[in-house]
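1. Using only what follows, build the 3D model:
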Amino acid sequence: MADEFEILITVNNDLEATVVRGRLTEAGIHSTSQPSNRGGTWNPVGARDVWVAARDLDRAGEVLKEDEAISEERLVAEEELAERSERSPGEG
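-> Predicted coordinates:
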């Protein structure tokens, strides 16, 4: 039987989703993301929903709560690192 997936969090963009998903992966939690349609609109470059298996929802929420204490500087650094890793070697 396939797992049921639920939205864990909606973030502002793909870069933020990448950071959240990376943290979840570090904690051993599988996740996925897709453009959000909350608010009745769908924008592929806008907000993204991060989904986890329903059985992992509570634990994933705890992981994100732990990360709330992370400094803004560290978040910016992680976002920049994620952005660089998504670029192909010949870019910027």
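2. At which residues are the helices of the protein located?
-> 14-26, 57-67, 72-86 (DSSP state H).
3. what's the angle from the longest one to helix 14-26?
-> This means helix 72-86. 100 degrees (axes from the mean of the first three to the mean of the last three CA atoms, to 10 degrees).
4. got the buried residues for helix 72-86?
-> 78, 82 (16 or more other CB atoms under 10 Å). The way it works is simple: take the backbone N, C-alpha and C, and place the C-beta from them, glycine included.
5. Make CSV out of the helices of the chain and add mean pLDDT.
-> CSV is the format used below for the helices of the chain (pLDDT from 0 to 100):
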stretch, mean pLDDT
helix 14-26, 94
helix 57-67, 91
helix 72-86, 77
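6. Of those helices, give the one that comes closest to residue 50.
-> helix 14-26 (5.2 Å; CB to CB).
7. need the contact list for the closest residue to residue 5 other than its chain neighbours.
-> Counting by CB to CB, 6 or more residues apart in numbering, residue 51 is the residue found nearest to residue 5 once chain neighbours are left out, at 4.5 Å. Residue 51 is in contact with 5, 6, 7, 8, 31, 32, 33, 34, counting by CB atoms under 8 Å, 6 or more residues apart in numbering.
8. in the sheet, who's paired with the first one?
-> In this structure, residue 5 bridges to residue 53 when assessed by DSSP bridges.
9. what's the burial count for it?
-> Number of residues near residue 5 (other CB atoms under 10 Å) recorded here: 16.
10. so how far is residue 68 from it?
-> Residue 5 is 23 Å from residue 68, where distance means CB to CB, to the nearest Å.
11. Could you turn the buried ones of the contacts of residue 51 into a ChimeraX selection?
-> With 16+ other CB under 10 Å as the criterion, this ChimeraX line picks the buried residues out of those:
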select :5,8,31,33
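12. could the contacts of residue 51 be laid out in TSV, adding pLDDT and distance to residue 84?
-> Compiled in TSV, the contacts of residue 51 are given as follows (pLDDT from 0 to 100; distance: CB to CB, whole Å):
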residue	pLDDT	distance to residue 84
5	96	29
6	97	31
7	96	28
8	96	25
31	97	21
32	97	22
33	95	19
34	93	23
